[in-house]
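Fold the stuff below for me.
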Amino acid sequence: MLGFKTLRRQEGDTLIEVLFAMTVFSLIVVTALSLMGQGVAAAQRSLEITTVRQQIDGQAEALRFMHEAYVAGYQSGQTFNLTDGTTSPAEEYYKIIQFVTGKRTQASKFAGSAKCAIPANTATDFVINPVTAQLVTTATKPDVFKLAPIAAQLTYTGGNQLEYSQGLWLEGVRSPVNGNTAGYIDFHIRACWDVSGSDIPMNLGTIVRLYEPRS
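Okay, here's the model as predicted:
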């Protein structure tokens, strides 16, 4: 009798107990992998947003720098020759004024759930090369605008030559000219790129208002 009880205590788990244990273990593994995937995706998204914000800030700072140079030149009576083959930050801002004048009365619709696309109005949109402080449009570089493969950014060749603007563009809306009243330009800096694992694209942007000097 004692031998029979000892033998019963040495028997293994039943099939149902094994299946239950495997099910619990599988749920734990799947949950852990899912959480890890979400963490990696969140980290990737955070990195992309930080990178794109830096690109947007670069456009804003370049605009402010060029604007300050233009105002200083304007106050000193500087004139600009657009055909002499030379340029300066002040002259590039003057080009921007000429470029945006009469083209947009308002900025285009932004964000939403639509997929990112190359700006539809490439004849009115532009980008700044922050390395050289120069205006870049489709007139100076026809294929400058591209979709962003990862995150919105500028790419370069030769160190400082702008190659492509991937998912990043600017729209300038100039206030109506009213005599000697100081006008302004609202620069809408925009970025759009597709996020991995999501059907909704990521959109970031800001607006920089720069005033024109009085006569």
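
Tell me the secondary structure of the residue nearest to residue 123 when sequence neighbours are not counted, please.
Nearest residue to residue 123 in three dimensions, chain neighbours excluded: residue 138, at 6.5 Å (C-beta to C-beta, 6 or more residues apart in numbering). (Each C-beta comes from the backbone N, C-alpha and C, glycine too.) Taking DSSP: H, G, I helix; E, B strand; the rest coil as the rule, one finds residue 138 in the coil state.

for residue 138, phi and psi?
For residue 138, the backbone dihedrals (degrees, to the nearest 10) come out as phi -70, psi -20.

That one: how many residues sit nearby?
For residue 138, the count of nearby residues is 16 (other C-beta atoms under 10 Å).

Who are the contact partners of it?
122, 123, 144, 145 (C-beta atoms under 8 Å, 6 or more residues apart in numbering).

what do you get for residue 63?
Each residue near residue 63 by C-beta under 8 Å, 6+ apart is listed here: 93, 96, 128, 187, 208, 210.

Now tabulate the contacts of residue 138 in JSON lines and tack on pLDDT and distance to residue 109.
Below are the contacts of residue 138 laid out as JSON lines (pLDDT from 0 to 100; distance: C-beta to C-beta, whole Å):
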{"residue": "122", "pLDDT": "74", "distance to residue 109": "16"}
{"residue": "123", "pLDDT": "83", "distance to residue 109": "18"}
{"residue": "144", "pLDDT": "94", "distance to residue 109": "22"}
{"residue": "145", "pLDDT": "94", "distance to residue 109": "17"}
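
which ones among those are found in strands?
residue 145 (DSSP state E).

right, and the pair among the contacts of residue 138 with maximum separation?
Distance extremes for the contacts of residue 138: the farthest pair is 123 and 144 at 12.2 Å, using C-beta to C-beta.

Compare these two (neighbour count), which wins?
Legend: neighbour count by other C-beta under 10 Å for residue 123 and residue 144, higher for residue 144 (23 against 12).

what's the burial count for residue 185?
If we define neighbours as other C-beta under 10 Å, then residue 185 has 21 of them.

Just the element for it, please.
If you go by DSSP states H and E, residue 185 is part of strand 184-193.

Quickly run through the sheet partners of the very next helix or strand once past that strand, with directions.
Once the chain leaves strand 184-193, the next helix or strand it forms, by DSSP H and E, is strand 202-211. With DSSP bridges as the test, strand 202-211 is paired with strand 184-193 (antiparallel).

Name the residues of the strand it pairs with that come out as buried.
Using 16 or more other C-beta atoms under 10 Å as the test for burial, strand 184-193 gives 185, 186, 187, 188, 189, 190, 191, 192, 193.

No further questions, thank you.
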